[in-house]
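A.B. asks: pasting the sequence and the predicted model now:
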Amino acid sequence: MTELIFRAAVRLYPSRIRLRFGAEMLLYMRTGYGRRERLRARIAYWRAFAADLGRALRATWTDQPPRSTELPMLSFTRDFLRWTRDLVRNPGFAIPAIFTLAIGIGSSAAVFALLNGIVLAPLPYSEPDRLVRIFEQNSPTNRFNISAVDYLAIEEMQRAFESVAAYTVGNAVLDGADALMLSGETSVGKYPVGVVNSMQKIIDATEKGYNYFRNNPPREFSRTFLADSMCSAACSLAEQTHAKAIITFTHSGYTAFRIASHRPDAAIFAFTDNERIIPKLSLVWGVRAYFSEVHTNIDDYIKFSIERLKDMGLITEEDVVIHIGSTPASDRGRTNMVKLSYV
């Protein structure tokens, strides 16, 4: 009789609960009921069963799970205390667990910082959502920059944009440009200082990513073959000895131009008695030009250049320096002298 009552009671549960837990519920009811010999205990058992059945039916009728009377924070606190107690009791497990957790948090933070800087962070411009890039495309996967002629045509005929600007900083550096010029909207727009800073960052990043010591051999049978050979030798010596500076004596500026064309790591200092070429030399890659009177004796000229650069803090004692120029200096001839020495 009791078995039939059990089965009938189980059939009162919703079908999804009965199909999943029916067998376990019957087994639990049999064993639990069988342990209770006193009438009061059996009545309490059926009362608890009726309360559980009522909660299940109410959840089915209202399509909501039964509410828990326990506060979420109280449950979290109890679980946290239990986890802490388990870790303290098992230090052999706690140390690897904490270490793994720290690695996971650190890795997540590093990935987020990288994505935030590259993908999520806005561009360092006012209203970056209004910036667009124009490029040419001859297939769904092949994009390339527009030419200078096309840019000028777009700038003249377009009516959709507030302004148009172009940049080819990285390519110009790789092509060997000595100086880069800002023009158009990039030089007279709302943020000229920001443009210059961005341009400098691109130049620095491009130069750091490539080896700028260039093999620029002299052309045989040219009028400047011997002078060009001296400049090439000076740059090779600078690379081999890790020289701090290459110091040139020049009247026309050609020696400084030629040295700069090799893109040496050493600083390039040009001393000249020709004031007209100093502004021009200031635009040559890596060259710092200074005016000086010509010394009749080349040794005096070398001593004068070293003392002046030391006074300016550009070279120090025991630095390796290379001097290159012509001798006699007063003749202003082509380059025919190279000297390697310590300061």
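C.D. replies: On my side now, so go ahead.
A.B. asks: can you get me a residue count around Ala238?
C.D. replies: 26 (other C-beta atoms under 10 Å). C-beta coordinates here come from the backbone N, C-alpha and C atoms, glycine included.
A.B. asks: heads up, I number from 28, so please use that
C.D. replies: Got it, first residue is 28 now, which makes that one Ala265.
A.B. asks: looking at this, it is in a strand?
C.D. replies: No. Read with DSSP: H, G, I helix; E, B strand; the rest coil, Ala265 is helix and lies in no strand.
A.B. asks: dump the residue contacts of it.
C.D. replies: 273, 291-293, 349 (C-beta atoms under 8 Å, 6 or more residues apart in numbering).
A.B. asks: among those residues, who's most crowded?
C.D. replies: Ile273 (29 neighbours).
A.B. asks: neighbouring contacts of the helix or strand encompassing that one?
C.D. replies: Secondary structure assignment for Ile273, by DSSP states H and E: strand 272-276. For strand 272-276, the surrounding residues in contact (C-beta under 8 Å, 6+ apart) are 261-262, 265, 282-283, 286, 291, 293-299, 328-329, 332-333, 336, 341-342, 346, 348-353, 356.
A.B. asks: ChimeraX command for the buried members of those?
C.D. replies: Selection of buried members from the contacts of strand 272-276 for ChimeraX, criterion 16 or more other C-beta atoms under 10 Å:
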select :261,262,265,282,283,286,291,293,294,295,296,297,298,299,328,329,332,333,336,342,346,348,349,350,351,352,353,356
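A.B. asks: phi first, then psi, for Arg315.
C.D. replies: phi -120, psi 120 (degrees, to the nearest 10).
A.B. asks: residues contacting it?
C.D. replies: Per C-beta under 8 Å, 6+ apart, neighbours of Arg315: 294-297, 309.
A.B. asks: nearest to Pro244, out of those residues: which one, please.
C.D. replies: Pro244 has its nearest neighbour among the contacts of Arg315 in Ile295, at 19.0 Å by C-beta to C-beta.
A.B. asks: against Lys307, how distant is that closest one?
C.D. replies: Going from Ile295 to Lys307 by C-beta to C-beta, to the nearest Å gives 14 Å.
A.B. asks: just Ala254 next, same as before
C.D. replies: Taking C-beta to C-beta, one finds Ala254 at 19 Å from Lys307.
A.B. asks: again, but for Ile32
C.D. replies: From Ile32 to Lys307 the distance is 109 Å (C-beta to C-beta).
A.B. asks: cool, and Phe188?
C.D. replies: 37 Å.
A.B. asks: Lys271 too?
C.D. replies: 25 Å.
A.B. asks: so which of the two has more stuff around it?
C.D. replies: Lys271 (19 against 14).
A.B. asks: got the contact list for that one?
C.D. replies: 293-294, 342, 346-348, 370.
A.B. asks: name the nearest residue to it, sequence neighbours excluded.
C.D. replies: Asp346 (4.0 Å; C-beta to C-beta, 6 or more residues apart in numbering).
A.B. asks: phi, psi for that neighbour please.
C.D. replies: phi -70, psi 150.
A.B. asks: distance of it relative to Ser332?
C.D. replies: From Asp346 to Ser332 the distance is 13 Å (C-beta to C-beta).
A.B. asks: Lys228 too?
C.D. replies: Counting by C-beta to C-beta - Lys228 and Ser332 are separated by 33 Å.
A.B. asks: following the helix or strand of the chain with the lowest mean pLDDT, which helix or strand shows up next?
C.D. replies: The helix or strand of the chain with the poorest confidence is helix 212-215; it has a mean of 60 (mean pLDDT, DSSP states H and E). Next helix or strand after helix 212-215 toward the C-terminus (DSSP H and E): helix 219-235.
A.B. asks: picking up where we left off before, need the contacts of Ala265 in TSV (columns: distance to Trp110).
C.D. replies: Below are the contacts of Ala265 laid out as TSV (distance: C-beta to C-beta, whole Å):
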residue	distance to Trp110
Ile273	67
Pro291	63
Asp292	58
Ala293	62
Ile349	69
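A.B. asks: show me which of those residues is closest to Val223.
C.D. replies: Asp292 (24.9 Å).
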